[in-house]
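Chemist: prediction below, plus the sequence it came from.
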Amino acid sequence: MKKHYFCYSKQKLNSILLLCTILWLSTNLLHAQDSNFYYQNFLESSISIQKSGMLVLGSWALMNIISGIPGTLMYINDVKYFYQMNTAWNVINLGIATIGYIGAINGYNVQSSVEILAELHKFDRILLINAGLDFAYIGTGIWLWKKGIIDESYRLKGYGKSVILQGTFLLLFDTILYLVHHQKTTGLQLLGGQLSISGTGVSFTF
């Protein structure tokens, strides 16, 4: 009788342990799925911001091209070269915007929270680098404008004014886009808790 009671108690204990294990695994699985859902939401938000940014850049480019071509043909002196540079500069901008938008539509082939956070940080870094280049554009435009005045060159004066305008727009564009997008990066990092970025990449700590 005691033997049967012992076997019954052992089976009951094993059943309880199995049930607890199943519940624990189920809870962790649901938590992981819920976390992945939120991580994917942050990725989708990042992609949406990038698409909107490329639409803004593309619209600016088209506006400059549409006004630049007739402006180059209609005006003379430095105004002619101002519109000429606007047109040439924004042909490149339009290409960048198109490639960027297509890339955003295709999304990223990432799944884990670490990979998603790495992609968001990567885009933030690109925007900061671009902002640094924008200052260089503005400085170059000022130099061209001054040199045009000294050399009495309509071409250099017109080009200088155009580069200043384009550099200023890009600086505002990259800064605003960075501030908007970085909120998503920070939000994801806070959500993950254990996720961190170092100079060597992204790490996950427990």
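Modeler: All right, it came through fine.

Chemist: going by C-alpha atoms from here, please, whenever you check contacts or count neighbours.
Modeler: Fine.

Chemist: so which helix or strand takes in the residue nearest the centre of the chain?
Modeler: Central residue of the chain (Cα atoms, centre = their mean): Phe123, 3.7 Å from the mean position. For Phe123, the host element (DSSP states H and E) is helix 113-151.

Chemist: mean confidence for that helix?
Modeler: Mean pLDDT, computed over helix 113-151, is 93.

Chemist: repeat for stretch 168-177
Modeler: pLDDT averaged over stretch 168-177 gives 96.

Chemist: contacts for it?
Modeler: Residues outside stretch 168-177 that contact it (Cα atoms under 8 Å, 6 or more residues apart in numbering): Ile49, Gly53, Leu57, Leu127, Leu128, Asn130, Ala131, Asp134, Phe135, Ile138.

Chemist: beyond the helix holding Phe123, next helix or strand please.
Modeler: Next along the chain after helix 113-151, taking DSSP H and E as the criterion, comes helix 154-192.

Chemist: in that following helix, what counts as buried?
Modeler: Of the residues in helix 154-192, 154-171, 173-175, 177-178, 181-182, 184-185, 188-189, 192 count as buried by neighbour count, 16 or more other Cα atoms under 10 Å.

Chemist: what's the angle from it to helix 113-151?
Modeler: Counting by axes from the mean of the first three to the mean of the last three Cα atoms, to 10 degrees, helix 154-192 lies at 160 degrees to helix 113-151.

Chemist: now helix 154-192, how far from the centre of its chain.
Modeler: On the basis of Cα atoms, centre = their mean, to the nearest Å, helix 154-192 sits 12 Å off its chain's mean C-alpha point.

Chemist: kindly report the same for stretch 74-92.
Modeler: Stretch 74-92 sits 30 Å away from the centroid of its parent chain (Cα atoms, centre = their mean).

Chemist: what mean pLDDT does that stretch have?
Modeler: 96.

Chemist: for it, C-alpha coordinates in CSV please.
Modeler: Written as CSV, here are the backbone C-alpha positions of stretch 74-92 (Å, rounded to 0.1, in the frame of the first residue of the first chain):
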residue,chain,number,x,y,z
MET,A,74,15.4,82.9,-68.9
TYR,A,75,17.8,84.8,-66.7
ILE,A,76,21.3,86.2,-67.1
ASN,A,77,24.3,87.0,-64.9
ASP,A,78,24.6,85.2,-61.6
VAL,A,79,20.9,84.4,-61.4
LYS,A,80,21.3,82.2,-64.5
TYR,A,81,24.1,80.2,-62.8
PHE,A,82,22.1,80.0,-59.5
TYR,A,83,19.3,78.2,-61.3
GLN,A,84,21.8,76.1,-63.2
MET,A,85,23.4,74.8,-60.1
ASN,A,86,20.0,74.2,-58.4
THR,A,87,19.1,72.0,-61.3
ALA,A,88,22.3,70.0,-61.4
TRP,A,89,22.4,69.6,-57.6
ASN,A,90,18.8,68.3,-57.4
VAL,A,91,19.2,65.8,-60.2
ILE,A,92,21.5,64.1,-57.8
